[in-house]
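Enquirer: Output the structure for:
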Amino acid sequence: MRFKSYIKDKLLLLFLIFFSIVSIEIILLAYNIEFNVRVYVLLAPLVATIIGLLIDFYNRKSYYDNLKKNLEDLDAKYLIPEIIGTPDFIDGKILKEVVQDAGKSMLENVNKYKYIQDDYKEYIELWIHEIKIPISASKMIIENNKNSVTKSIDEELNKIENYTEQALFYARSNTVEKDYVVKKSNLKEIVNQAILKNKNILINTKTSLEFGDLDVEVFTDSKWTVFIINQIIQNSIKYSKSDERKIKISSNTLQESVVLYIEDNGIGISKKDINKVFDKGFTGENGRIIGKKSTGIGLYLCKKLCDKLRLGIQISSKKDKGTEVRIIFPKGSYINM
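Expert: All right, here's what the predicted structure looks like:
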């Protein structure tokens, strides 16, 4: 708050005071009042006004500077109504009441929409669990009636199952911290679970698997990590070449982390698309060229969940050569949380 701005705001008041002093001086002159008396009558209110304005300016400046500092230091700025002080001047008190009323109204609206979001999330989760029942039943029927037609149906059911799983994890992705259990897990067991989820499509597409050393311990939530690896494997299959499909999965233990490598020999990603693959809804050139439906959600979810789990994820690719995805597990990252 600047003194110059404060004085501009008080121009009307200063004009009225000046007008009053001039009026009093004219009256005193009309009655032939002594010069010394006139000077005192003029100076007394003038000095009192200056002192009053300086005190008022100081109080307001201190209050608003403190308010501004608290706002800058506060990460959750919506909490400012809770820490705002009570000023000595009336318009400041009115401001405090308005801010607190606005904060209360905002909190009520936030709670309302949070309830709606939670209710919708519960519905999605319930719907997904219900839809999994007929999918599992259909798979059992197919298992007992194998032929070329049921094989095609099974492939489509796998896609539906993947999309429902994506929807479930997407619904939960904003509240991962409420639904994960981080502990020391064996990376080989996690990878095997993801492979098991894709065993049928791996067999049907004649995709060969090559494994490096995976018998290493990492700190993570196995359920969420299986989902992440599963999405990457499915992308490797989806964007593979028709001949000699191959996925190589290995790990490397570094000083501060364990890195999981998932490498394929697929169609690769162009340079102009590589930096956008984690963007929500991005399908890129590959999504258009190969003619397969792509939601652009898989890698977006992988990145989002890795961030929540404090894992790193990187991707590199060469067009027509293949793609490598790296998941980085910091050593003991959760021990000090």
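
Enquirer: only C-alpha atoms for contact and neighbour calcs from this point on.
Expert: Fine.

Enquirer: where exactly do the helices run in the stretch 101-250 of the chain?
Expert: Listed in chain order, the helices of the stretch 101-250 of the chain (DSSP state H, counting those that start in this stretch) span 148-172, 187-197, 199-204, 222-238.

Enquirer: got the buried residues for the last one?
Expert: Put plainly, it is helix 222-238. 222, 224-238 (16 or more other CA atoms under 10 Å).

Enquirer: again with stretch 245-261
Expert: Quick answer for stretch 245-261 (16+ other CA under 10 Å): 245-247, 249-251, 253, 257-261.

Enquirer: Kindly report the same for stretch 186-194.
Expert: In stretch 186-194, residues buried by neighbour count (16+ other CA under 10 Å) are 186-191, 193-194.

Enquirer: one step back: got a markdown table for the helices of the stretch 101-250 of the chain, with mean pLDDT and distance to Leu54 too?
Expert: Converted to a markdown table, those look like this (pLDDT from 0 to 100; distance: least, CA to CA, whole Å):
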| stretch | mean pLDDT | distance to Leu54 |
| --- | --- | --- |
| helix 148-172 | 81 | 57 |
| helix 187-197 | 94 | 70 |
| helix 199-204 | 85 | 80 |
| helix 222-238 | 91 | 62 |
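
Enquirer: so can I have a markdown table of the ones you listed showing distance to Lys61?
Expert: Shown next, in a markdown table, are the helices of the stretch 101-250 of the chain (distance: least, CA to CA, whole Å):
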| stretch | distance to Lys61 |
| --- | --- |
| helix 148-172 | 47 |
| helix 187-197 | 60 |
| helix 199-204 | 70 |
| helix 222-238 | 52 |
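
Enquirer: Quick check: which of these is nearest to Ile80?
Expert: helix 148-172 (29.7 Å; CA to CA).

Enquirer: Show me what the closest one is packed up against.
Expert: helix 90-144 (3 or more CA pairs under 8 Å, 6 or more residues apart in numbering; DSSP states H and E).

Enquirer: isn't there a helix covering Asp279?
Expert: No - read with DSSP: H, G, I helix; E, B strand; the rest coil, Asp279 is coil and lies in no helix.

Enquirer: what's the closest non-adjacent residue to it?
Expert: With CA to CA, 6 or more residues apart in numbering as the criterion, Asp279 has its nearest non-adjacent residue at 5.6 Å, and that residue is Tyr300.

Enquirer: Could you say which helix or strand holds that neighbour?
Expert: Element membership of Tyr300, judged by DSSP states H and E, is helix 298-309.

Enquirer: what is the orientation angle of the helix or strand that that helix is followed by with helix 298-309?
Expert: Sequence order places strand 312-318 as the next helix or strand after helix 298-309, per DSSP H and E. In terms of direction (axes from the mean of the first three to the mean of the last three CA atoms, to 10 degrees), strand 312-318 departs from helix 298-309 by 150 degrees.

Enquirer: quick one: strand 312-318 to chain centroid distance?
Expert: Mean-position distance between strand 312-318 and its chain equals 21 Å (CA atoms, centre = their mean, to the nearest Å).

Enquirer: okay but the residue nearest to Asp279 is in contact with Asn275, surely?
Expert: No - applying CA atoms under 8 Å as the test, Tyr300 and Asn275 come out as separate, 12.0 Å apart.

Enquirer: what about these two, which has more around it?
Expert: Tyr300 (19 against 12; other CA atoms under 10 Å).

Enquirer: residues contacting that one?
Expert: Applying CA atoms under 8 Å, 6 or more residues apart in numbering to Tyr300 gives the contacts 277-281.

Enquirer: Gln231 now?
Expert: If you count contacts by CA under 8 Å, 6+ apart, then Gln231 has 298-299, 302 around it.

Enquirer: which one of those has the most neighbours?
Expert: Neighbour max across the contacts of Gln231 (other CA under 10 Å) = Gly298, 27 neighbours.

Enquirer: Skipping its backbone neighbours, what lies nearest it in space?
Expert: Gln231 (5.9 Å).

Enquirer: Against Gln166, how distant is the one you found?
Expert: For Gln231, the distance to Gln166 (CA to CA, to the nearest Å) stands at 9 Å.

Enquirer: which residues are in contact with both of these two?
Expert: In contact with both Gln231 and Gln166: Gly298, using CA under 8 Å, 6+ apart.

Enquirer: pLDDT value on Thr175, please?
Expert: The model reports Thr175 with a pLDDT of 69.

Enquirer: now do Asp213
Expert: pLDDT, Asp213: 91.
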